[in-house]
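> coords below, sequence missing:
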């Protein structure tokens, strides 16, 4: 079990503070994305749960806690067919299927999508995707912004 918490207040926290947090959270159900409050010396301290493994957990002694000043974004994408290859680009990535190329930004939003007959190979060149298809007789160049 693991939590990554972002303090919603300005204060420098010592590394051993996670042990105090763990003791305060024991037995509580915690969900990724929620804001939690821990009382310390009569004052409420608020944290955002930026990551939880599992996504919903009941805090026990095996819980590991990390503090961060950053937000973590996590997106899970589900496709109707298996992914053949993934190609990383500067500001996006290409998901290659047996007959299709789908280009997404880093938030998972679609930038481009096209089906190809006899898709043979897909590669990245700088910030462009090159698709070889139709039995190697056609080449499509996809230039990205």
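Right, received. Where do you want to start? What you see is a predicted model, and the numbers here were worked out from it, not measured in a lab.

> contacts and neighbour counts: CA atoms only from here.
Fine.

> what does stretch 112-123 rub up against?
Residues outside stretch 112-123 that contact it (C-alpha atoms under 8 Å, 6 or more residues apart in numbering): 87, 96, 98-104, 129-136.

> just the buried ones from these, in PyMOL syntax?
To isolate the buried members of the contacts of stretch 112-123 in PyMOL, using 16 or more other C-alpha atoms under 10 Å:
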select buried, resi 96+98+100+101+102+103+104+129+131+132+133
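
> in strands, which of the contacts of stretch 112-123 appear?
87, 96, 100, 101, 102, 103, 104, 129, 130, 131, 132, 133 (DSSP state E).

> as a markdown table, the residues you listed with pLDDT would be great.
Converted to a markdown table, those look like this (pLDDT from 0 to 100):
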| residue | pLDDT |
| --- | --- |
| 87 | 96 |
| 96 | 98 |
| 100 | 97 |
| 101 | 98 |
| 102 | 97 |
| 103 | 96 |
| 104 | 94 |
| 129 | 96 |
| 130 | 97 |
| 131 | 97 |
| 132 | 98 |
| 133 | 97 |
